[in-house]
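In: Sequence plus predicted model, see below.
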Amino acid sequence: MARLRHFGQAVLRYSHWIAAALVTLFAVYLHALFFLNAGGLWRDEIQLVNLSVLPSFSEMWQKLPHDSCPILMHLVVRGWSATGFGNADAGLRVLGLYLGLFLLLAFWFASWTMRKGPPLLGVTLAGLNATIIRAGDSLRGYGLASALAVLTLALIWRLTRRPSLATFCCAMAVAILSVQSLYQNAFFVFAACSGGFVLCAVERRWRDTLLIFAVGAAAAVSLLPYIPLFARAHWYVIYKVGFRFSHGWKQLSEALDSPLTGFTWVWVAVWIGAVATAISVLFWRRDRLPEHIRGLILFAGTSLVLGAAGYAVFLKLAALPTHPWHYVPLMAFSAVCFDAIVLAAWRRARPAAMILAGVTVSTALLFELPAVKCRQTNVDLIAAGLSSEVAPSDYVIVYPFYCGVTFERYYKGAAAWTTLPPLEDYTLQRWDLFMAKMQTKDPIAPVIKRIASTLQSGNRVWFVGNPLVERSSFNGGIQVNDFLSAHSERSAVVIDPSSSCVNPFENLPVVVATGWKQ
C-alpha cells in the first residue's frame, strides 16, 4: 500500500512531464500522417529544390531573389541531395519530416534551458497545429526558421543568465543561422536580444549587454550581402500589393484555428494572460517569486511583446500579401514565451494546461486528422495521367503560368505544352519573364494560333487550370477559354478539382477540347 501511494505521488508530481511527453508523441504521429499523405511537391517547394540543385553556388546565389527565403534552406536541400538521398519526392519528404520533428526538439530544449520544465503549452498549442505541421514539414524555410527562432531565444536567455564563451559562440551561430533561414526571423532575434538587454539593465549588469549586442549585430551583418542582390531585382515589386492588418488578422486566424475553429481565441486568451502575468509579476508580485523566475518572466515577456510587434512592422514594411503559413514562426516563438511566462509564474496553471492539452488532443483526434492527411498538389497526378493519355500532336496549356513549375517536374508526355503567356524557363516562378512577356503585343497570340491548328488537324487541346484563377489585368485564361468555347465542337471537364483535402493553391481541373468549328 505504501509503495502504491508513493507511486501515485510520483505520478502526480511528474504529471505535467507525462502530459507533455504524451502530447509530443501524438504530435509525432501527426507529422508521420502528413509525411505519408503529402504526395508530390507543389510549386513553392519545387522552386526551392530547383534553386538548391543548380550546378554552381554562384548561379544559385544570383537567382536567389526568385525565392522568398535566404540561403540556408537551399544549402540544407543541396547538402541532403549531395549525400545520396537525391531530389526525388520520397527523399525530400523525409527531410521535411526531420525538420518538423526538429521543431519539437527545439521546444523541449528551450523549455529545459529556460525553466527546467516540459514545454506543455508549446507542444499543445504549436505542436498540434495543422498549419505548423504542414508548413513546417514542407520543403520551405518555415519549419527550420521556427526551430532556429526558438533555439535562439533559449540560447540568448542562457547567455543573459550565465555568460560564457561557449554560450556566446553558440548563441551567435544560431542567431546567424536563424536570420539566414527567414528574413523575418531578424525581428525575433531583435526581440530576444532586447529581452536580454532589458534584464541585464534592470540588474545593472552592463558588461553582459555587450555580449547580447554582439549576437544581434552579427546576425544583422550577415544579412547585408542580400541588399545588392535584391536591389537589382526590380521585377520583385510586382509582389508588393500592400499589407492590410484586417487581411493579416484573417490569415492569422486561419492559421490559429487548429485543431478546431475557434482555437484562435484560445491563443488570444493565453497571449493576453501571458502579458498580464508578466505585468503582474513585475509590478505587484515581485517579492513572491525567486529572482531567477522574475528574470525569466521579464525576459520572455519583453521578447513576446517585441517579437509580435516587430513581426507586424515587418509585414507592413514588406507590403506583401500573407497566407496562413507566413505566421508559423510567430506562433512557435510565442508558444515558447507562453511556457516561460505562464508555467513559471503560476504552478497552479499546470492543471489547467494539462486540461487544455487533453482537450486539444481529443479535438485533434476528432477533427484535425483530415487536415493533416492533405496532399500538397494534384498537378503531379494530372501530369502523370496526361503523360500516358496525350498523343504527340495534342497540345497542353497550363494556367496560371506559375503552375508550370509543378507541371514541368512531373510531365513526361510527348505532346507540346505551354503556359499563358509562354515563357522560356519553368524551373522557377519567373515573374521577371512574365512581366517582360506582358510588354509585348498580344503575348498569347502564338498559343491561340497553335490551338487553332491543333483542333483543325483533329487533335485535342488540354487546358489544365481554372481560367478565372488569376485575378490581374492579364486575362489570358479567359481569352483562351472563350476561344475554345467558340471554336471547338466539344469540350468537357475530364478531371475535377479533388474533393478530398488538397492544397487549395494547386488543386486544378482539366478540360479537353476537340473538333473545329469556324
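Out: Thanks, I have it.
In: From now on I want contacts and neighbour counts done on CA atoms only, so please keep to that.
Out: Noted.
In: what about C193, how many neighbours?
Out: Neighbourhood size, C193 [other CA atoms under 10 Å]: 29.
In: I'd say G248 and T322 touch.
Out: Yes. The criterion here is CA atoms under 8 Å, and G248 meets it with T322 at 6.6 Å.
In: For beta bridges, what are the partners of the closest residue to S485 other than its chain neighbours?
Out: For S485, ignoring the flanking residues on the chain, the nearest one in space by CA to CA, 6 or more residues apart in numbering is S491 at 7.6 Å. Counting by DSSP bridges, S491 is bridged to A513.
In: Next up, the contacts around S491.
Out: 484-485, 511-514 (CA atoms under 8 Å, 6 or more residues apart in numbering).
In: Over to N466?
Out: So N466 contacts 399-400, 477, 508-509 (CA under 8 Å, 6+ apart).
In: List the neighbours of stretch 353-367 that are in contact with it.
Out: Here stretch 353-367 makes contact (CA under 8 Å, 6+ apart) with 16, 19, 23, 26, 120-121, 124-125, 128, 258-260.
In: and which of those is nearest F283?
Out: L121 (24.5 Å; CA to CA).
In: and that closest one, what are its phi and psi?
Out: phi -70, psi -40 (degrees, to the nearest 10).
In: where's the residue nearest to it when sequence neighbours are not counted relative to R350, distance?
Out: Using CA to CA, 6+ apart and skipping the chain neighbours, the partner closest in space to L121 is D339 (5.6 Å). As judged by CA to CA, to the nearest Å, D339 and R350 stand 10 Å apart.
In: between the two, which one's more packed in?
Out: Neighbour count, other CA under 10 Å: between D339 and R350, D339 has more, with 27 against 17.
In: residue contacts, that one?
Out: D339 makes contact with 111, 119-122 under the criterion CA under 8 Å, 6+ apart.
In: Now with 10 Å, please.
Out: By CA atoms under 10 Å, 6 or more residues apart in numbering, the contact list for D339 reads 107, 110-111, 114-115, 117-123, 274, 297, 300, 345, 353.
In: Tell me where the protein has strands.
Out: With DSSP state E as the criterion, the chain has strands at 395-398, 416-419, 461-464, 490-495, 510-514.
In: Can I get the ones you listed in JSON lines including mean pLDDT?
Out: Listed next are these as JSON lines, based on pLDDT from 0 to 100:
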{"stretch": "strand 395-398", "mean pLDDT": "96"}
{"stretch": "strand 416-419", "mean pLDDT": "95"}
{"stretch": "strand 461-464", "mean pLDDT": "94"}
{"stretch": "strand 490-495", "mean pLDDT": "89"}
{"stretch": "strand 510-514", "mean pLDDT": "93"}
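In: Could you dump the ones you listed into a markdown table with distance to P290 added?
Out: Output for those, formatted as a markdown table (distance: least, CA to CA, whole Å):
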| stretch | distance to P290 |
| --- | --- |
| strand 395-398 | 63 |
| strand 416-419 | 65 |
| strand 461-464 | 64 |
| strand 490-495 | 64 |
| strand 510-514 | 65 |
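In: M435 is in contact with I238, isn't it?
Out: Yes. Judged on CA atoms under 10 Å, M435 makes contact with I238 at a distance of 8.6 Å.
In: Between G248 and T322, which contacts overlap?
Out: Counting by CA under 10 Å, 6+ apart, the residues touching both G248 and T322 are L315.
In: among the contacts of D339, which are in helices?
Out: 107, 110-111, 114-115, 120-121, 274, 297, 300, 345, 353 (DSSP state H).
In: Specify which member of the residues you listed is nearest to V76.
Out: Nearest member of these to V76, counting by CA to CA, is F107, at 21.1 Å.
In: Who are the contact partners of the nearest residue to that closest one once chain neighbours are set aside?
Out: Setting aside the residues directly before and after it, F107 is nearest to P119 in space (CA to CA, 6+ apart), at 6.1 Å. Going by CA under 10 Å, 6+ apart, P119 touches 16-17, 19-21, 23-24, 104, 106-112, 127, 335-336, 338-340, 343.
In: Check E59 too.
Out: Shown in contact with E59 (CA under 10 Å, 6+ apart): 51-52.
In: Next one: it from S52, what distance?
Out: E59 is 10 Å from S52, by CA to CA.
In: Let's see stretch 484-501 as PDB, backbone CA atoms only.
Out: Taking Å, rounded to 0.1, in the frame of the first residue of the first chain, the C-alpha atoms of stretch 484-501 are listed here in PDB:
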ATOM      1  CA  LEU A 484     -12.200  27.200 -77.100                       C
ATOM      2  CA  SER A 485     -15.900  27.700 -76.400                       C
ATOM      3  CA  ALA A 486     -16.300  29.500 -79.800                       C
ATOM      4  CA  HIS A 487     -14.200  27.200 -82.000                       C
ATOM      5  CA  SER A 488     -14.200  23.700 -80.500                       C
ATOM      6  CA  GLU A 489     -17.000  21.300 -81.300                       C
ATOM      7  CA  ARG A 490     -16.800  19.600 -78.000                       C
ATOM      8  CA  SER A 491     -15.300  20.400 -74.600                       C
ATOM      9  CA  ALA A 492     -15.600  18.600 -71.300                       C
ATOM     10  CA  VAL A 493     -14.100  18.600 -67.800                       C
ATOM     11  CA  VAL A 494     -12.200  15.300 -67.600                       C
ATOM     12  CA  ILE A 495     -10.600  15.900 -64.200                       C
ATOM     13  CA  ASP A 496     -12.400  17.900 -61.500                       C
ATOM     14  CA  PRO A 497     -10.600  19.500 -58.600                       C
ATOM     15  CA  SER A 498     -10.100  16.900 -55.900                       C
ATOM     16  CA  SER A 499     -12.900  16.700 -53.300                       C
ATOM     17  CA  SER A 500     -10.500  15.400 -50.700                       C
ATOM     18  CA  CYS A 501      -8.000  17.600 -48.900                       C
END
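In: so how far is it from its chain's centroid?
Out: Distance, stretch centre to chain centre, for stretch 484-501: 32 Å (CA atoms, centre = their mean, to the nearest Å).
In: Tell me how far C501 lies from W17.
Out: Distance, C501 to W17, by CA to CA: 34 Å.
In: Stretch 297-316: how far from the chain's middle?
Out: From the chain centre to the centre of stretch 297-316 is a distance of 19 Å (CA atoms, centre = their mean).
In: How about stretch 253-265?
Out: 16 Å.
In: Which residues does that stretch contact?
Out: Residues lying outside stretch 253-265 but in contact with it, judged by CA under 10 Å, 6+ apart, are 125-126, 128-132, 247-250, 252, 266-269, 271, 323-328, 331, 360-369, 371-372.
In: what's the neighbour count on A269?
Out: Other residues close to A269 by other CA under 10 Å number 11.
In: F245 too?
Out: Using other CA under 10 Å, F245 has 11 neighbouring residues.
In: Okay, now the unreliable bits of the stretch 401-518 of the chain?
Out: Within the stretch 401-518 of the chain, the ranges that satisfy pLDDT under 70 run 469-474.
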